[in-house]
Every structure is written in structure tokens, then in C-alpha cells.
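Student: Build me a model from this:
(3 chains)
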Amino acid sequence: MDSSTIIYSLDLFGVAVFAVSGALAAGRKRMDIFGVVVLGIVTALGGGTIRDTLLDSGPVFWIHDPAYLLVAVAFSLLTFFTVRMLTAHRLALLVSDAFGLAIFTAIGTAIAFRTTDSFGVVVVMGVMTGTAGGMLRDVLSAEVPLVLQREIYATASLCGSCIYVALKHLGFSGIACMATAVAVTLAIRLAAIYWSLSLPVFDSEKNIPDKEEAE
Amino acid sequence: MDSSTIIYSLDLFGVAVFAVSGALAAGRKRMDIFGVVVLGIVTALGGGTIRDTLLDSGPVFWIHDPAYLLVAVAFSLLTFFTVRMLTAHRLALLVSDAFGLAIFTAIGTAIAFRTTDSFGVVVVMGVMTGTAGGMLRDVLSAEVPLVLQREIYATASLCGSCIYVALKHLGFSGIACMATAVAVTLAIRLAAIYWSLSLPVFDSEKNIPDKEEAE
Amino acid sequence: MDSSTIIYSLDLFGVAVFAVSGALAAGRKRMDIFGVVVLGIVTALGGGTIRDTLLDSGPVFWIHDPAYLLVAVAFSLLTFFTVRMLTAHRLALLVSDAFGLAIFTAIGTAIAFRTTDSFGVVVVMGVMTGTAGGMLRDVLSAEVPLVLQREIYATASLCGSCIYVALKHLGFSGIACMATAVAVTLAIRLAAIYWSLSLPVFDSEKNIPDKEEAE
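Tutor: All right, here's what the predicted structure looks like:
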């Protein structure tokens, strides 16, 4: 199995995991089966879709290769029908989700390099690929995106994408950059889960008068 | 009047109906006249706009043909100024909305076939054209999209788009596919309104521990 | 300093001001430092990003020129670390925000003219460039966008964009159109701040039965 086959398989694994995450969020909002599939698709494919749209690199990736859509729909439905059996596997879900974040970040970073050489833009695209699907999931659930509020989640993605950029700048091969980026993102995210780490919160209300009333 | 003129007229009719729906939603959130027009435009043109963006088929449709924008703005303003007169016509609104859903679904499916032959992608584009405008309306209203939660609404769109794909696969002409898709979507949606049908709801909270707290 | 340098400087100034606005909104929702930077970027670059995506004019503007991204990130972080010092400058923030709205509206209108000659479309693009970033900020904060509800804000943008279109139609140079559009938007917005003006609100609930229950 060559490296591109491995990357493709990991990518589809990330889609499956994120679809489960979206479907579970839909369940928390008491959506019907259609809502479950929509949230599964949006969570799984949303990050890459926004990336491809902003890069303007032709039809988005899942239009070329319907396997992505198929996996997203299949795992959303699977979640819908088997949710009672998922109870015991919460840790498996968290670890799978960390893996999805890591692979999406690395792939998003690699794809952005095809369009631009700006390090800042590439990192934004990598983090967006990893986290925007989850943000869309929360927006459709009418909630403030979790990723903006808590835990070392996006930060793990940010570190992974930066490592990719640094290694590439130093002349390492694409596959070395990608493997390291996945490993770094995964390590930071798993450490954050294990020790329940989070970033300090910014509460501007204590410092300035409420801007909404003021305007 | 040839078939393309009929389709164009129906399309503009769908835009008008969805603009009314968006303007009424804005009224429920006590928006000002600008908010009413924005929600009218977003609801009426949002689904097709997302479709065109994902297909990456040049500037979105209403940039080529400003009639869409004009109709959306006009009917949003009309709703703003005549809402008192609309009270008696609730059923007319529901039936008009069903008609808009049906025609948008069929047109979205037809347009997606220009870019891809993947049945799954085409159906997603058809349903998205029919329902994404209403989802954006609800997101801008800070609510969980209605279409994800209740009733046979998106399901009607899904059936209509699938019928289109099946008939096209069997060799029927584009106009036959479109007419049947519109009829099927409309029939299912009207039946759902008449008998108050809805899909079973998925409540994952009863089955798994709350993932937000768990993470 | 020629006119394009002035416009570019003003554009970056608008980005900085909107980034501060987004970062402050993130603070009100108790987001972490990542959330602050995301809301800063989205508020500062969101309007122009949606505009470029809908016009389908290649990769969005901040991919070509990373200075935009840099300014947005820098001012988001600056806000995060210096928010205690901002207390006294509320009026400065409001006036800066009005300036950002004015320059974004004028630039968005000018860019839309490169793709289309339709006055309606151009005005929509101008207003969208000025206001969509703030709408995305509020959607990510799980709130109904402020701009849809209150005050003469979008209206100022609308008037500025219309003035641009009118002057261009009369044959004035691009720089004259832009300067006048900025001045008109700024004047209306500052007048609205000074006299606390707002548009009448549309409350459809008093007039029609609740559509959500009715459907």
C-alpha cells in the first residue's frame, strides 16, 4: 500500500468519525433522520468544502469523488440506528475524533500549498479544514461553536499545521511533513483529553462596558 | 410558451414565495426593514447560491440575471408593507412554499447534472437547492433550522430529486424528469401538510452520556 | 502617495477595526484565545470573502495578499492582551467601526463592478462587503445579527453604495465615486450614532398567527 492510498484511507476514516460526531450532535437537538444526515455530512465535509471554496480550485472535493459523501451518509445513518450500542465507547469516540482532526489538518495544509506559498494562509487553511466542520455543526445547532470556547482542540490543529509548514520550509518530503503533522496534532489533542487541559478564557465584559448597549 | 419559459417563470415564483417566508421569519424576530430584505434574499436565493458556489460554475446565478434579486427584494418589501393582509392566507402560503420547494429541488437537480454524473452528489445538490435557503434563514434567526427537526419537508425534496435521477437514468427527457420531480415533491409535501405527518425524532441524550460534558 | 496606496491603507485600517470588533464579541462570549482570533478574522475578512466567493473571481483576496490576514490576527491578539486599556475609548471604537463600514462598502462596490454592470447586484455586493463580516461574527456567537435588528448601520452602507453607483453612471471617475461613497456612508453612520437613530421594527407576530406552530 503506497502513501497516497494510506492518506486516502485515513481521510475517509476522518470523514466517518466526524459524521458520527455530527449525527450525535443532531441527536442532542432532537432532529429527525434527515437532520441527522445533514449534520453528519456538514460536520464531515464542511471544513474541506469551505477550504476548496476559498481556494476556488474547481468543484469541491466530494463532487469529484462521491466516496466521501457515501461514507458520511453511511456513518450518519449507522449512528442513528445503533446509538444505544455506542454508550460504552465514549473514549473511543474522543480518540477517533482526535485522529480525524489530525488527518484533516495535515491534508488541508498540504492542499493549500498547491495554491499559495504564504505560510499564514496555509496554516489558516489547515486549521479550517480540521475545525470548520465542527463549527458549522454547532452553528446549525444554534450554539456557540465549542471549538471557540474550550479545551486544547484548535490549538492542537494549529500546532500540527505549523509543524507541517516548518518541516516543508526545511525541505522535508510531503509525506514526512504530513506524518509529523498528524503525530503532533494527535499527541497534543490526546494529552489535552488525558489531562483535561484548556486555554485561558477571555471575558471582555469585566473590562469594558457592554458594547451592544453602548453602540 | 416553451418549456424553458415555463421553468423560468416557476423559478421566479419559487423565489417570490421563499422571499415571503424569509420576510415573515424576520418579522418574528423583530428585525428592521433591512433585516427583512436580507432574510428575504437569503431565503429565496441561498440554496441556489450555495449550490453554484460548491459546483464552482462561475458567478452565482443571480449575478447573471438580476431578475432573481429584484423579485426577492420586491416580495420582501411587499410582505413588510402588507403583512396585515396576509393573515387569512396561511394555507395559500404553505401551498406556495411547497411549490417553491418542488421547483427549486427539480431545478437544482437538473443544474447539478451539468457538472457531475454522480447520483449521490446530484441528489445532495437538489435537496440543498430546495432547503438550504430556509436553513440559512433559521441560522440568521439564531434558531435550529426547522427543516432539520420536523415534518416531511426535506424528505419530499429528497424523493423528488431521487425520482428525477431515476427517470433520467432510464432515458427520459429533461422536461419529463423535471415535471415528475416537481409533481412528486409537491404531492408528498402537500400530503404531509394535510395529514400533519412527520419523521421519528432522534434523541441521543437518552442513550449516551452528554458528549459536551464528557469531552 | 497615489490613490491606490491610500485605498489599500484604508482597507487595512478597516480590517484592523473589524478585527477588534470581532475580538471584543468573542470576549463577551467567554471564548479562549483561539476563538478570539477566529472571530477577529471572520469579522474582518468575512464580508470580502463571501463577495469574492459569489463573484467566483479566483482565490479570495486574502490568499493573494497575506497582509490582510496578518493585520486581522495581530489586532485580534492586541485586543486580547490590551482590553483593559480600551475602556476609555468606546467612542473611538464606534467611529473607527463606522470608518471600516464606509471603506469596505466603497471597495466592495468597486470590485463588484469588475464582474457585473447590474446596479442591483453591485449594491448587494457593496453592502455585503460592509456588513456580512459582522453578521458572521454574530452567527458564530449564536445571536441574531445585530445589523438586522437595530440602528442605521446597514442603511448607511446601502446609501453609500447607491451613491457610488449613481456617480459612476453619471460618468465620474472611480476615485471620485469611492471618496463620495465613503463620505456618505460615514456621515450617515456618524449621524445615527450621534442622534441614536434607528429604523422602525417589523413585528409580524402581532399580525399573523405564528407560522412555526401553524405549519
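Student: check contacts around A:Thr79.
Tutor: Residues counted as contacts of A:Thr79 (CB atoms under 8 Å, 6 or more residues apart in numbering or on different chains) are A:19-20, A:23-24, A:27, A:36, A:40, A:86. Quick note: C-beta positions are derived from backbone N, CA and C, even for glycine.
Student: let me fix that: A:Val144
Tutor: Per CB under 8 Å, 6+ apart, neighbours of A:Val144: A:138, C:29, C:31, C:140-142.
Student: Drop anything exposed from those residues.
Tutor: A:138, C:29, C:31, C:140-142 (16 or more other CB atoms under 10 Å in any protein chain shown).
Student: Tell me the one among the contacts of A:Val144 nearest to B:His64.
Tutor: C:Leu140 (30.9 Å; CB to CB).
Student: Could you give the average pLDDT over the one helix or strand A:Gly108 maps to?
Tutor: Applying DSSP states H and E as the criterion places A:Gly108 in helix A:90-112. Helix A:90-112 comes out with an average pLDDT of 87.
Student: What number of residues are in the vicinity of A:Phe119?
Tutor: By other CB atoms under 10 Å in any protein chain shown, 16 other residues sit near A:Phe119.
Student: How about A:Arg114?
Tutor: Residues contacting A:Arg114 under the criterion other CB under 10 Å number 9.
Student: Need the three-state assignment for the residue lying closest to it once chain neighbours are set aside.
Tutor: If the residues on either side of it in the chain are set aside, A:Arg114 comes closest to A:Ser57, at 7.4 Å by CB to CB, 6 or more residues apart in numbering or on different chains. Three-state call for A:Ser57 (DSSP: H, G, I helix; E, B strand; the rest coil): coil.
Student: Correct me if wrong: A:Ser57 contacts A:Thr115.
Tutor: Yes - counting by CB atoms under 8 Å, A:Ser57 touches A:Thr115, with 6.3 Å between them.
Student: The contacts of A:Val144 also near chain B: which ones?
Tutor: Near chain B, judged by CB under 8 Å from any CB of the partner chain, the entries from the contacts of A:Val144 are C:Ala142.
Student: Export the contacts of A:Val144 as CSV, with columns for secondary structure and pLDDT.
Tutor: Listed next are the contacts of A:Val144 as CSV, based on DSSP: H, G, I helix; E, B strand; the rest coil; pLDDT from 0 to 100:
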residue, secondary structure, pLDDT
A:Asp138, helix, 88
C:Lys29, coil, 79
C:Met31, coil, 82
C:Leu140, helix, 89
C:Ser141, coil, 86
C:Ala142, coil, 84
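Student: Which member of the contacts of A:Val144 is positioned nearest chain B?
Tutor: C:Ala142 (5.9 Å; CB to the nearest CB).
Student: Could I get the contacting residues of the closest one?
Tutor: The contact partners of C:Ala142, by CB under 8 Å, 6+ apart, come to A:139, A:142-144, B:142, C:29.
Student: Also A:Val60?
Tutor: A:45, A:48-49, A:52-53, B:54, B:56.
Student: again, only using 10 Å
Tutor: Shown in contact with A:Val60 (CB atoms under 10 Å, 6 or more residues apart in numbering or on different chains): A:45, A:48-53, A:68, B:53-56, B:121.
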